[in-house]
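Engineer: my questions are about this predicted structure, shown below with the sequence.
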Amino acid sequence: MIRSLYYAPGQPIRKDLPPKEFPKLIQNQKGLLWVDFVSEPPETSLPILQDFKFHPLAIDDALQETHIPKIDDWGEYLYIVLNYMNTEKNGDAWETEVDELDIFLGKNYIVTHHDHPIAAVDETWEACDRDARNVQGGADHLLYKIADNLIAGYMPAVEKIDDAIDLIEDQIFDRPEPRTLEKLFALKRVLLAMRRIILPQREVLNKLARDDYQVIDPKDRIFFRDIYDHLVRLHDINESLRDLVGGALDTYLSVVNNRMNEIMKTLTTITTLFMPMSFIVGFFGMNFFLPRSQDAVWELMQRPVFFGVLLALFITPVIMYWWMRRRTWI
Amino acid sequence: MIRSLYYAPGQPIRKDLPPKEFPKLIQNQKGLLWVDFVSEPPETSLPILQDFKFHPLAIDDALQETHIPKIDDWGEYLYIVLNYMNTEKNGDAWETEVDELDIFLGKNYIVTHHDHPIAAVDETWEACDRDARNVQGGADHLLYKIADNLIAGYMPAVEKIDDAIDLIEDQIFDRPEPRTLEKLFALKRVLLAMRRIILPQREVLNKLARDDYQVIDPKDRIFFRDIYDHLVRLHDINESLRDLVGGALDTYLSVVNNRMNEIMKTLTTITTLFMPMSFIVGFFGMNFFLPRSQDAVWELMQRPVFFGVLLALFITPVIMYWWMRRRTWI
Amino acid sequence: MIRSLYYAPGQPIRKDLPPKEFPKLIQNQKGLLWVDFVSEPPETSLPILQDFKFHPLAIDDALQETHIPKIDDWGEYLYIVLNYMNTEKNGDAWETEVDELDIFLGKNYIVTHHDHPIAAVDETWEACDRDARNVQGGADHLLYKIADNLIAGYMPAVEKIDDAIDLIEDQIFDRPEPRTLEKLFALKRVLLAMRRIILPQREVLNKLARDDYQVIDPKDRIFFRDIYDHLVRLHDINESLRDLVGGALDTYLSVVNNRMNEIMKTLTTITTLFMPMSFIVGFFGMNFFLPRSQDAVWELMQRPVFFGVLLALFITPVIMYWWMRRRTWI
Amino acid sequence: MIRSLYYAPGQPIRKDLPPKEFPKLIQNQKGLLWVDFVSEPPETSLPILQDFKFHPLAIDDALQETHIPKIDDWGEYLYIVLNYMNTEKNGDAWETEVDELDIFLGKNYIVTHHDHPIAAVDETWEACDRDARNVQGGADHLLYKIADNLIAGYMPAVEKIDDAIDLIEDQIFDRPEPRTLEKLFALKRVLLAMRRIILPQREVLNKLARDDYQVIDPKDRIFFRDIYDHLVRLHDINESLRDLVGGALDTYLSVVNNRMNEIMKTLTTITTLFMPMSFIVGFFGMNFFLPRSQDAVWELMQRPVFFGVLLALFITPVIMYWWMRRRTWI
Amino acid sequence: MIRSLYYAPGQPIRKDLPPKEFPKLIQNQKGLLWVDFVSEPPETSLPILQDFKFHPLAIDDALQETHIPKIDDWGEYLYIVLNYMNTEKNGDAWETEVDELDIFLGKNYIVTHHDHPIAAVDETWEACDRDARNVQGGADHLLYKIADNLIAGYMPAVEKIDDAIDLIEDQIFDRPEPRTLEKLFALKRVLLAMRRIILPQREVLNKLARDDYQVIDPKDRIFFRDIYDHLVRLHDINESLRDLVGGALDTYLSVVNNRMNEIMKTLTTITTLFMPMSFIVGFFGMNFFLPRSQDAVWELMQRPVFFGVLLALFITPVIMYWWMRRRTWI
């Protein structure tokens, strides 16, 4: 889908203009043209973009390739790549998709190109459609609005991740299982993916806020600086969340390890208690004691020996318990 | 709550002036106005801040958003964000809250905005109220006093953490339990949170001490340099404490691991001793020996065999002990 | 093999010229000479390269030594080293070979030297042979084509590695074995090797895109910038893949560890259940009970004791089960 | 204690001058005054330092606070903080104390302030006292001598640590115990503390060697460069020692782990050998075999069964041994 | 030993000149003097070096102290410290010795000082002795030759280490033992030591190749650039080798861990199989069954019970095997 929107001072906003008019419209230095390519195949986008006289390499980048966020200064226009992230919690798994928004920013036009519909672009589009004041700030201000909406879109994902970490932290002490670990690894991956797109975007916004570009009014740089501050904070939250995930991983390992130690202690305690006692009863189960059973003296001796054995069986665990206590095992 | 304080040379300090007078008062280049917004809802703060002619983005930052420490130079005024940290030890848990102090610093006024009462601001307020000399240094000197009190507020938290680490280190050798580990992880998190606000604040103070700002008297930069040095040292102490926590974690793991090894050694020692002995007594408990009990020859042979078995039962643990000794297990 | 290709405006492309003509041909500022040394022994390459008047150190580098990617500016010509990587999946093992492409780039000639045939060079050669337009852009454009093909050659390897990681991730939960770990370590090594050649190549392309070289037309820098962006993205994908491998390693360890814990739990459960029960039956196997078998009272008492023992043998596992359940072992 | 030393060309060195004379003495541009405050309370130091007209913040730093090494340029004088370290080996524990030496360096005076006696300062003092040539180089040369002695004082500590590591490495293979680990952690902490004071001191010396200060003769910078080189080397040795400690930690863990494996192997070997054999003898201890003992056929059969059992008991360990051998356990 | 070599254009090379002539010889701007101190005590070296008018600090550095590689520019001469490494494989241990080569480089002389004979210096010496062309390039070219030989000397050590890693990798899968681990730690240490001297030497060569020194002909910088490239590559190989060692360590741990798991599985399998079976035979070994042996009904019942027990003993391991199989233990 290709949609377009044209504003000239004193005139109502025109929409969905024929692509052939674009080159003529951008001659009017006071107007503002926004062309948005949504999931459009390269075949139809290519000739329209060529009419704008963009450099073939820039068009190539926009149409075919996935880039990390960057900004290319082509003099009369800027070619900007921004990323956005869709994070869906699907049961325990997190489905994270990173997509790309290509922007050509001229003095009096903005061309956006994306393969999937983007909520942030749609919102800005509707705002412009509703109220002409949104386009009166010029092309660079429109870029600011789109970027601002795009960055604002990270917050819900961040909050969902925050909640997920809270939930997992409770589970860890309750019943740590490998699935808990899997969830943590999944969160770690989402946070890493987010970090990887926030950092270069921060750099892009920093350039927009500091560098001198022909198509950006120096007075508007302060707005990009504001988005830059948002991204600095997002990066900071991302780091905190990664710390939390790291802490949860450490806690998980220590809880599981502690459980293991308890299990081993039990194994050792039981073995240490019953092995000597089993030996004692095994000793008195030897057949050497039987044949002489007719022997009267033997018969007489048997009773005290029997009670001696009982005593030994009673004392052994007491001694063992005292010994393990002293070593602070129990 | 909105409180204000106005000093003009030769006049007594006036307090709690009506907000409508603010714009007029700051016309007087020789006076000094301090307005402090404490837990004030945005609805009432907004119009007052707009009267100061602050940039909408700066007001937005102050009213709605949580930022990491930063400094924005708006020419006639600076917008500064500082953080402070409340660390409460609640049993074993540490409750750490990071809050924000927004400051607008003009040539002859200072506007502070915070959502919660801050001890450092209250102290400075009372000092100004008590003694006019505290406000005669100008707005930048007042900023120094507030920042100095704010940074000084980290020391008690640092000392509490130091004591907690000492306590835990003693516990580790005594009776290491998972709760000890939890305490260490909690301390680590507090220290990380502290580090994360000290570092950007250090950067803010560094800028105040080095950069050329319209509203800061170059002669007063040395005071900000002094706070900067405090923050450098705080960061250094923070690193030392994190090293100590890291060392305590390593020690905990090595103590627990060592305990585990001792337990496994005991298990193996007991098993190694009693399994062969149990086999021997089990062997002589087989029923093959019984039927021939009437056999006289057998009867005669039984006694030496019995003593042989006793000897074997006595020698086995001695050999085992010697063998384990040689392998330095015991 | 030495092959050469010469283009002069208005003339057909000439191929496989005698090396002796090279010095004369490069006198013509409007022509373009490409000489390609493929697996040629130094003895034959040396005199030809010397005819180009290259610095002995540069020739030395090209003929004898393996270098990491770099660019040396010798004024009238550039000496560039690029690497390429052949990754063969040989069963579970990955055979990775890193080779070197040495390039001398002059204003109107390009000399390439490599020890093994390179697909990227052959492709470019054939394209030039097929269509003269490919050589009309000048020597620097030819360099761009070669480098572009070379970098494009990394993508299939990257995809093969991606598939391999997917496969391993499935195996980990199914049946984790040490061979799985070996495969992961092998992938990690391949990715590290790739990273080690991508990073310096990125630096070389960055220099070509930014620095001012006598033999590179400033207008063509944008093309090297495009390859640079490819390398930035390749490096980014490489990092993601390394994250995936790292995550798979962590998952493997946690799965194996969890299996171990289950095994130890089973061992402890079985031991804890049967050791006390074995002791009980061992106790009643002692020979003290036998001699009195003629005794009628004993005979009478035996029956309730027998059923008491049966009851004890039945109750013991129930209590043990309840106790282990409470400790959330089972 | 306050001690002072004054040298003017052509005059003998005067010692312990009354503090009131200091301001007058430093008027003489050709003289050299050294005032040394040793463990002096702030009450007495403060007025003397104020007589030197030092900035209140600098005096504050010197009297009250502990700083990390730094250098402040106050124009007519430098305020320098250096650290020194006392490392005492107390049995197995290392007592490390980091203290501070504050220095005010003017064109023709040097003021040193420290809370504890410092050997390096005392040495320099005695050298000056003994031989006037030591003070003829000017205040900056005196600073060099003090700093040189201070840095030289690290070497004995470094050597003590080196010896301790050697000793521990021998113990690790001999008899690894948790105390060995404690010693290693203690050494690690000492080395980290040393690193933390060497790094900023290196920076201070680097500044003295490179930057342009009013009170330091450019010709004398080479001496500070020499101390800087010492610190670079000390840092290098420190890194090597930390590597050694890290290696010893790894070795310890591998030795302990290996011991654990051997213990587990023994446990498994013993259990694997004796459990099946115990079962066999237990099987033939069942009472089913008894009643039929009067049966003649049974009697006849018993002998071959008995020898069969003996054979089984003999063959079982042989098979087990062969099986474990093949799996390279033994 | 002090040896010297003097070349003046048009004259034969003179050798072993009396040290007293050195100052006079270096007056001749066209000659070239090389003085080499090999294992010479400071007492004899000092006066000769002083005759060259070197700065006392530089002489001090050369004679007494061990430095990390560095370069000091003293205007008329450079003081350069290079390191070399002797790696001897002594059985399994690696003996690594790092020594120092101090060089004073003037316009027309070079003074080398080392405590042990260095092959690289001897080689260059012999080449100069054999063929005067080797000294005609000037002092800086001679420095290049020495440094080139020195750096070339690292390759054999690198190859020895490479072979050792290959050997260890084979052993790891075959028969992993703690000694294998020791060898890996030893290799790691050697590689770290090598890295620590390569990095600062790279920096020294980088300075020689880029900076403007009075005593180095700008045209000769390209040679130092060549050595710099060698060091970059050496550093790269070193990193690869350290990766290999790290990978081998990981593999070792995973192989040992896997073996441990197999051992524990065997222990658990054996215990899980035989404990229930031993309980069954123990149950039927209780003496309750004996007294009633005269009872005919009992006699009759005994046979089916006996076969029932046999069946139970047969079925138990089958069930256990199936259960362990399902949990993929076996």
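Structural biologist: Sure thing, it's come through. Numbering: from 1, shown residues only, chains lettered A, B, ... in the order given.

Engineer: residue A:242 and residue C:243, how far apart?
Structural biologist: Distance, residue A:242 to residue C:243, using Cβ to Cβ, to the nearest Å: 12 Å. No exception for glycine: its C-beta is placed from N, CA and C like everyone else's.

Engineer: okay, and the common contacts of those two?
Structural biologist: With Cβ atoms under 8 Å, 6 or more residues apart in numbering or on different chains applied, the overlap between the contact sets of residue A:242 and residue C:243 consists of residue A:192.

Engineer: how about stretch A:23-39 as CSV, C-alpha atoms only?
Structural biologist: Extracted in CSV, the C-alpha atoms of stretch A:23-39 (Å, rounded to 0.1, in the frame of the first residue of the first chain):
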residue,chain,number,x,y,z
PRO,A,23,8.1,15.3,-8.2
LYS,A,24,6.1,18.4,-9.0
LEU,A,25,4.8,18.8,-5.4
ILE,A,26,8.2,18.8,-3.8
GLN,A,27,9.1,21.8,-6.0
ASN,A,28,6.9,23.9,-3.7
GLN,A,29,9.3,24.8,-0.9
LYS,A,30,6.5,25.7,1.4
GLY,A,31,4.5,22.5,1.1
LEU,A,32,5.0,19.2,2.9
LEU,A,33,4.7,15.8,1.3
TRP,A,34,4.6,12.6,3.2
VAL,A,35,4.7,9.3,1.3
ASP,A,36,4.3,6.1,3.2
PHE,A,37,5.1,2.7,1.6
VAL,A,38,3.5,-0.1,3.7
SER,A,39,4.4,-3.7,2.7
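
Engineer: separation between the spatially most central residue of chain A and residue B:240?
Structural biologist: Centre of chain A computed as the mean C-alpha position; nearest residue by Cα atoms, centre = their mean is residue A:190, 2.3 Å away. Residue A:190 sits 34 Å away from residue B:240, going by Cβ to Cβ.

Engineer: next: residue A:13.
Structural biologist: In terms of Cβ to Cβ, residue A:13 sits 62 Å off from residue B:240.

Engineer: and for residue A:123?
Structural biologist: Distance from residue A:123 to residue B:240, by Cβ to Cβ: 49 Å.

Engineer: count of neighbours near the residue of chain A found nearest chain E?
Structural biologist: Proximity of chain A to chain E (Cβ to the nearest Cβ) peaks at residue A:285, 7.5 Å away. Around residue A:285 there are 27 other residues, counting by other Cβ atoms under 10 Å in any protein chain shown.

Engineer: contacting residues for it?
Structural biologist: With contact taken as Cβ under 8 Å, 6+ apart, residue A:285 is in contact with B:281, B:285, C:282, C:285, C:286, C:287, D:285, E:285.

Engineer: sec struct for the residue in chain A that chain D sits nearest to, please.
Structural biologist: For chain A and chain D, the shortest gap (Cβ to the nearest Cβ) falls at residue A:285, measuring 7.5 Å. Secondary structure for residue A:285, judged by DSSP: H, G, I helix; E, B strand; the rest coil, is coil.

Engineer: could I get the phi/psi values of it?
Structural biologist: phi -100, psi 0 (degrees, to the nearest 10).

Engineer: show me what contacts residue A:223?
Structural biologist: By Cβ under 8 Å, 6+ apart, the residues touching residue A:223 are A:141, A:144, A:148, B:57.

Engineer: circling back to that earlier point, lowest pLDDT pick from the contacts of residue A:285?
Structural biologist: In terms of pLDDT, the lowest of the contacts of residue A:285 is residue C:287, showing 65.

Engineer: contact residues of chain A facing chain E?
Structural biologist: Contacts of chain A with chain E, taken as Cβ under 8 Å from any Cβ of the partner chain, map to residue A:285.

Engineer: redo that, cut-off 7 Å
Structural biologist: On the criterion Cβ under 7 Å from any Cβ of the partner chain, chain E has no neighbours in chain A.

Engineer: residue ranges with poor pLDDT in chain A?
Structural biologist: Low-confidence segments of chain A, defined by pLDDT under 70: A:65, A:287-302, A:328-330.

Engineer: now the helices for it?
Structural biologist: Assigned by DSSP state H, the helices in chain A fall at A:22-25, A:42-51, A:56-64, A:119-130, A:139-152, A:154-174, A:178-210, A:221-283, A:296-326.

Engineer: which strands and helices sit next to the fifth one?
Structural biologist: Think helix A:139-152. Helices and strands in packing contact with helix A:139-152 are listed as strand A:77-90, strand A:93-106, strand A:109-114, helix A:119-130, helix A:221-283; criterion 3 or more Cβ pairs under 7 Å, 6 or more residues apart in numbering or on different chains; DSSP states H and E.

Engineer: tabulate the CA atom coordinates of the fourth one in PDB.
Structural biologist: The C-alpha atoms that make up helix A:119-130 are tabulated as PDB, following Å, rounded to 0.1, in the frame of the first residue of the first chain:
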ATOM      1  CA  ALA A 119       1.600   1.400  15.000                       C
ATOM      2  CA  ALA A 120       3.800   4.400  15.600                       C
ATOM      3  CA  VAL A 121       3.600   5.500  11.900                       C
ATOM      4  CA  ASP A 122      -0.200   4.900  11.800                       C
ATOM      5  CA  GLU A 123      -0.700   7.000  14.900                       C
ATOM      6  CA  THR A 124       1.300   9.900  13.500                       C
ATOM      7  CA  TRP A 125      -0.600   9.500  10.200                       C
ATOM      8  CA  GLU A 126      -3.900   9.700  11.900                       C
ATOM      9  CA  ALA A 127      -2.800  12.700  14.000                       C
ATOM     10  CA  CYS A 128      -1.800  14.500  10.800                       C
ATOM     11  CA  ASP A 129      -5.000  13.600   9.100                       C
ATOM     12  CA  ARG A 130      -7.000  14.800  12.000                       C
END
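
Engineer: in that helix, what's buried?
Structural biologist: A:120, A:121, A:123, A:124, A:125, A:128 (16 or more other Cβ atoms under 10 Å in any protein chain shown).

Engineer: do you know which of the helices of chain A lies nearest residue E:2?
Structural biologist: With Cβ to Cβ as the measure, helix A:178-210 is the member of the helices of chain A nearest residue E:2 (59.2 Å).

Engineer: can you tell me if the closest one touches chain C.
Structural biologist: Yes - shown here: helix A:178-210 in contact with chain C (Cβ under 7 Å from any Cβ) through A:178, A:181, A:185, A:189, A:192.
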